[in-house]
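**Student:** Following is a predicted model, sequence given first.
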Amino acid sequence: MLAKNFKKSLLAVNIGLAMGAGFSGAAVAADAQTQAKEDVEVIEVRGIRRSLEASMNTKRFANAVVDAVSAEDIGEFPDNNLAEALGRVPGVTVSRQFGEGSAVSIRGASNSLTLTTLNGQNVASTGWYSQQAIDRTFNYSMLPPEMIADMEVYKSSQADLLEGGVGGTVIVNTRKPLDLEPMTIFGSVKGSGSSQSDEIDPTVSGLVSWKNEAENFGALISVAQSDYTLERRGDEALPIWGGRIAPTAFVQERERTAYDIQLQYAPTDALEFGVHYMNLELGADGVNNQVWIPQDTSNCEALNADGVPERCTSSQQWFDDTGLGANSYWDVRPRNATMETELIAADMKFLGDGFTVEVQVGTSEATGGTNFETNVAYISGLGGSVGTLDGTGTNWIFDTEDQSYPLPAAGEYVGWEGLQPGAIVNEPRTDEETYAQVDVEFETDFEYITSIKTGLRWSDHDVVRDKNRPNLNFDGAAEAEIVDADRFTDGRIDAGMSDISIPNGDGAEMIAYTQEFIESWARERSGYASLNEETVAAYVMANYSGENFRGNFGLRYVSTEATSQAYALAPGFVDPTHAFNNGYSTALTTEEHDYSEVLPSFNLAYDLSQDMILRVSAATVISRPNYNDMFSNAALAGYDDNDDNNQSVTKGTPSLSPFKANQADVGVEYYYAPSSLIAGSFFWKDVDTFTTNTEQPGQSIGIVDPGTNTDNWRVETYTDGDGGTIYGAEFQLQHTFDNGFGAVVNYTYSDSDANAENFVDGNSVFSDASEHTVNTVAFYETDALSLRAAYTWRSEYMIRETGFYGSRLHEDFGTLDLSASYDINENFTIIADVTNLLEEDSIQVGNHQNWTDTDNPRFSRGYPAYNYQGESRYSVGLQFRF
C-alpha cells in the first residue's frame, strides 16, 4: 500500500532477510522494489542500537554512496544540534559559530559547497550577522531536532538528486503522519545551561499525529519552543589600530519557535496527496562588549616571524598617533535580529501499471539580517594598559596594573559623542525560492535495466541584501551632554580568555538612546544588491540490477540565468542629502549571465559475498558561487567607523562560473552482524572551476571616507580561478555486543590542494578542510537505560570570511559529548546531555603566507587573532509519548 513509508519498513524487514536467509544486497534491493506496492506494517526505530541499524541499512541498500543519521525515536535525535549530529558521519566535519554547530563540509570541500535540502528540495535560509557574507549554507540552528526523522548524506551523486553539492548533499527528512501509529502523542520539557551562563534556559516541544481507521488520511502537528543563551568570551586582536587587543564578551539571547504541519491523503492504493507547512523563527538579539587595550608598538620586546609586534609595553606617558595615550576603549555593539523561514509545499504520487508519477510544487521564503545595530564607545576614565600585553603564545596574556576596568561614572561619560554614526545600521536580507518538479519512473522488460526515471524541475530564486543608515539630528543635545552611567551599564561581565572584568553594556538602553536622535532612514546604495536565478533542470536515469550487482547511471542537464541589480559607482558624484551615498549612482544597473551544464553520474554496488559490497561511483557535479560573490554592487566596509585603517570595497559579479568537479570513489563494506559493519573507501575530486578574489590596496574610487578624509580603499573583486584536487580515505567500524555495549569509530583523511592564487592568504588548501577527522562513540544500552559518550576531533583548517574577520587558521579542535536516557516506564523518559564537556577552546591564528606590511598584522603567520573560551552546555529533561 502506498503512503505507508515502505522504504523504512522494508529496511527493518529486509535486514532479517539479508542476515537470516542469506539474500544478497542486490536481491534484497530488488525485493524491496517488488514489495513497494504492498501494505507493510511500519516498524518503529527505538534505542541506540536500532537507530544504528536503521542508519546502517540506509547505507547498505542505497545504490549511491550514502551515510545516514536516524532518530532513536520521536524527539530523540543523537545530538541537540543537527549539524553536530552530522559531524559523527565519516567524511563530515562541522564548523561552529558562537559555540554551536552551524554548517557542515563533506570530504574536504568548503561548507559552502555542501547542498542541504529539506525532503529533497531547497529551503530558504538567512543569517543574522551584518558582517557575515551571504552564502548558500543552510542555517542548521533554525531547525529543531525534535522535528527530524533522519538525515541522509550523499557523498556520490546521481541524476535525480538536486544539483549543487560539490562536497556532497544532505537530505533532511521530516516525519509524516501515515508513517506513524494511528494516534501518536509526544512531548518534552527540558532545561539547559552552560559553563559561561548562570541562566537555565527552557525548551518545550510537542507532536500529535493522527490517521483514520482506513489509514488513508493523516494529520501531524509539531511545535517546538526554546529560549537559550549563547555567551562567547575571548580575545580579538586589531594591531593595525594602535596595537589594540580586546577582551570580548558576546552574549546573545536566542528564542526559537518552530511549527510543522503535514497532511496526507491516499484515496486509493495508487494515489497519494501531501501538504506541508513549516514556519521557523529565531530571535537573536545580542550585545558585544569589548575593551580595546592599546599597546605602544614602538616599545616591544618580541616580534613574530613576519616582524609584527607580539609583546609590547605601555605607560600613562605614552601616546599613539591619535593622542589617546594608554587609555582603554570601551566598545559596545548591541544588535537586534530576527530570522524567519516559511515553507509551504504540496506533492502528489500516482502508481500506474508499470510506472510512477510524482509531482512536487512549493515555495519557501526567509527574512533575516540585522534589524538594528548601534555602537556606543567610551574612552575617558576607563584607565589603561600600563604594563605588558604578551601574544607570543596562542593566547594573549594581559600583565597590566589594573584588570578590573571601572564602570563609566556620571560626569565622565560624554553623551551623543559616544555614538558611532557609521555603525548605526539596518541590514535586512531576504531569500525566496519557488519550484515545480515532475518525476516519472517506468518499469522495463530489459534484462538488466529494471527501470528508467526521468524528470523536469523549474525554480526561481531571489536573494536581496539591503542596508539603511539613519538621518541623525543632534541639534537638541549639547556637545558635552552628560548621561548617567547607570543608563548604559548593567553591572559587570567577565571577558576574554582570562576573564577580565569589564563593564556590561545595557544594549536595550543604548538602542533606545540611539533612536532618540534618528529622524528617518535612507538606503545606503553601496549596501543594496539583488540576485535572481532561474533554473531549469532535466534528467534521465537508468536503474539496473543483476544477480550480484545493482546501481544507476544517468545524465542531468542544468540551465541557469543569473541577474543582479545594484547601484553603480559614480566617481565624483556628491549626494545632496546623504554623504554616505557620495560616489554612487541613483539608478539601478543590471548585469546578466547564463550557463548550462551536463552532469553525468554512475553508481555500482557489487556483492563480493552475501555480507560484503564493493562500491564504485563517478560523477560530474557543480556548486553555484556564493550569493555574496555574485552581487554586482560595490559594497563598502569600514566607512566612517572608529578604525582609520580598514576601508575596503568589494565588487561581485553574476558572471562567475559555478564550481565544477569530476569525482570518483571506490569502497568496500562488510556487514558481519545485524548492527555491525566495517567499511573503507578512497575518494578523489578534481575541481575544475573555482571562485577566487583579488585585492588592490591604495585605490581611489571617488569616495572620501569621513573618518580619514581620504579616498584610499582596498578594492576586492571576484573572478573565475583555477581549481584544485581533493583526495582521501574513509574508514568506519561499527560494532555492537550482546551485553548492551557498542562502539562506533570512523576516521577520514582528506588532502586538499587548491591553487594558492585562489586565496588572498596564499594557502593552497580549501576552506574548512581538515586533513584528519576522528569520531569515536561508545554506548551502553539496556531495555530502560541508554548511555553514550562521543568524542570528535579535527585537525587544523582555514576559515575564510570577507570583511572584518578575514582569513585565519583554526587550530585543531576536539569535543567530548555525553548523553543519557532512562525509561521510567513505556510512556516517560528522563534525558540528560552534556556538550563539549572538556570546554575545548577555539584558537584562531593568522596564516597569510605572503604577508606584507600593507596587510592587517593580525593575519601574519602565527599571530593570535581570535581566541575564544570553550563553553560546556548541559541539559536535563523529561519526555513522554502515548
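**Tutor:** Perfect, thanks for sending it.

**Student:** do you know how far the closest residue in space to residue 672 that isn't next to it in sequence is from residue 832?
**Tutor:** The shortest distance from residue 672 to any residue other than its chain neighbours is 6.0 Å, reached at residue 611 (C-beta to C-beta, 6 or more residues apart in numbering). Using the backbone N, CA and C atoms, a C-beta is placed for each residue, glycine as well. The span separating residue 611 from residue 832 equals 37 Å under the rule C-beta to C-beta, to the nearest Å.

**Student:** In terms of neighbours, single out the busier of these two.
**Tutor:** Legend: neighbour count by other C-beta atoms under 10 Å for residue 611 and residue 832, higher for residue 611 (18 against 15).

**Student:** Help me confirm that the more buried one comes into contact with residue 669.
**Tutor:** No: taking contacts as C-beta atoms under 8 Å, residue 611 lies outside contact range of residue 669: 9.0 Å.

**Student:** In the stretch 301-450 of the chain, where is pLDDT below threshold?
**Tutor:** Across the stretch 301-450 of the chain, residues meeting the criterion (pLDDT under 70) sit at 315-326, 379-385, 402-404, 406-417.

**Student:** buried ones in stretch 691-710?
**Tutor:** Across stretch 691-710, burial judged by 16 or more other C-beta atoms under 10 Å covers 691, 692, 693, 701, 703, 704, 705, 707.

**Student:** any idea which of those residues is closest to residue 474?
**Tutor:** Of all the buried residues of stretch 691-710, the one with the least separation from residue 474 (C-beta to C-beta) is residue 707, at 17.6 Å.

**Student:** center of the protein - which residue?
**Tutor:** Among the residues of the chain, the smallest C-alpha distance to the mean C-alpha position (C-alpha atoms, centre = their mean) belongs to residue 103, namely 2.7 Å.

**Student:** Surely that residue is in contact with residue 141?
**Tutor:** No: using C-beta under 8 Å, residue 103 and residue 141 do not qualify as a contacting pair, with a distance of 9.8 Å.

**Student:** What about residue 675, how many residues nearby?
**Tutor:** Using other C-beta under 10 Å as the criterion, the residues surrounding residue 675 number 21.

**Student:** quick one: contacts for it?
**Tutor:** Contact criterion C-beta atoms under 8 Å, 6 or more residues apart in numbering gives 49, 52, 53, 56, 734, 736, 742 as the residues in contact with residue 675.

**Student:** re the thing from before, on the pLDDT front, check the residue nearest to the centre of the chain for me.
**Tutor:** The predicted structure scores residue 103 at 82 on the pLDDT scale.

**Student:** if I look at it, how far off is residue 71?
**Tutor:** Taking C-beta to C-beta, one finds residue 103 at 21 Å from residue 71.

**Student:** same check, this time on residue 229
**Tutor:** From residue 229 across to residue 71, the span is 26 Å (C-beta to C-beta).

**Student:** Which one of these two is surrounded by more residues?
**Tutor:** residue 71 (23 against 19).

**Student:** What pLDDT is listed against that one?
**Tutor:** Per-residue confidence (pLDDT) for residue 71: 80.

**Student:** Quick check: it touching residue 147?
**Tutor:** No: with the criterion set as C-beta under 8 Å, residue 71 and residue 147 do not qualify as a contacting pair; they are 9.8 Å apart.

**Student:** circling back to that earlier point, so what sits against both of residue 103 and residue 141?
**Tutor:** Going by C-beta under 8 Å, 6+ apart, residues that sit against residue 103 and also against residue 141 are residue 83.

**Student:** which residues of the stretch 751-882 of the chain score low on pLDDT?
**Tutor:** Regions of the stretch 751-882 of the chain meeting the criterion pLDDT under 70 cover residues 803.

**Student:** Do a quick rundown of the strands in it.
**Tutor:** Taking DSSP state E, counting those that start in this stretch to define them, one finds strands in the stretch 751-882 of the chain at 772-781, 785-794, 797-800, 807-810, 813-823, 828-835, 842-845, 864-868, 873-881.

**Student:** How far off centre is the last one?
**Tutor:** In this case it means strand 873-881. Taking the mean C-alpha point of strand 873-881 and that of its whole chain, the gap between them comes to 25 Å (C-alpha atoms, centre = their mean, to the nearest Å).

**Student:** what about residue 52, is that helix, strand or coil?
**Tutor:** Assigned by DSSP: H, G, I helix; E, B strand; the rest coil, the conformation of residue 52 is helix.

**Student:** ok, for it, nearest residue in space, not its chain neighbours?
**Tutor:** Once its chain neighbours are removed from consideration, residue 52 has its nearest residue in residue 675; the separation is 5.4 Å (C-beta to C-beta, 6+ apart).

**Student:** Please apply the same query to residue 215.
**Tutor:** Taking C-beta to C-beta, 6+ apart, and ignoring the residues beside it in sequence, residue 215 has residue 178 as its nearest neighbour in space, at 6.7 Å.

**Student:** Could you report the pLDDT at the one you found?
**Tutor:** Residue-level pLDDT assigned to residue 178 equals 95.

**Student:** Give me the neighbour count for it.
**Tutor:** For residue 178, the count of nearby residues is 26 (other C-beta under 10 Å).

**Student:** My impression was that it belongs to a helix - is that right?
**Tutor:** Yes: going by three-state DSSP, the assignment for residue 178 places it inside a helix.

**Student:** all helices for the chain, in order.
**Tutor:** Remark: helices of the chain, listed N- to C-terminal, are 6-16, 25-34, 48-61, 82-86, 507-515, 627-630; assignment by DSSP state H.

**Student:** tell me the angle of the longest one relative to strand 785-794?
**Tutor:** When axes from the mean of the first three to the mean of the last three C-alpha atoms, to 10 degrees is applied, the directions of helix 48-61 and strand 785-794 differ by 50 degrees.

**Student:** and helix 48-61, how far out from the chain's middle?
**Tutor:** 26 Å.

**Student:** Now do that helix and strand 813-823, the angle between them.
**Tutor:** 120 degrees.

**Student:** Quick one: the strands in the stretch 401-550 of the chain, in order.
**Tutor:** Across the stretch 401-550 of the chain, reading from the start of the chain, the strands by DSSP E, counting those that start in this stretch fall at 425-443, 449-465, 468-472, 489-495, 500-505, 518-523, 529-545, 549-569.

**Student:** residues touching residue 651, list them.
**Tutor:** Counting by C-beta under 8 Å, 6+ apart, the residues that residue 651 touches are 632, 633, 634, 635, 715, 716, 717, 718.

**Student:** Among those, find me the one that's closest to residue 437.
**Tutor:** Looking at those and their distance to residue 437, the nearest is residue 632, at 29.4 Å (C-beta to C-beta).

**Student:** ok, now how distant is the closest one from residue 704?
**Tutor:** Counting by C-beta to C-beta - residue 632 and residue 704 are separated by 23 Å.

**Student:** try residue 772
**Tutor:** Using C-beta to C-beta, residue 772 is found at 49 Å from residue 704.

**Student:** any chance of the strands of the stretch 751-882 of the chain in TSV, plus distance to residue 559?
**Tutor:** Converted to TSV, these look like this (distance: least, C-beta to C-beta, whole Å):
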stretch	distance to residue 559
strand 772-781	36
strand 785-794	38
strand 797-800	30
strand 807-810	34
strand 813-823	41
strand 828-835	44
strand 842-845	40
strand 864-868	42
strand 873-881	45
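
**Student:** partners of the closest residue to residue 201 other than its chain neighbours in the sheet?
**Tutor:** With sequence-adjacent residues excluded and distances taken as C-beta to C-beta, 6+ apart, residue 201 is closest to residue 228, at 3.9 Å. Applying DSSP bridges to residue 228 yields these beta-bridge partners: residue 254.
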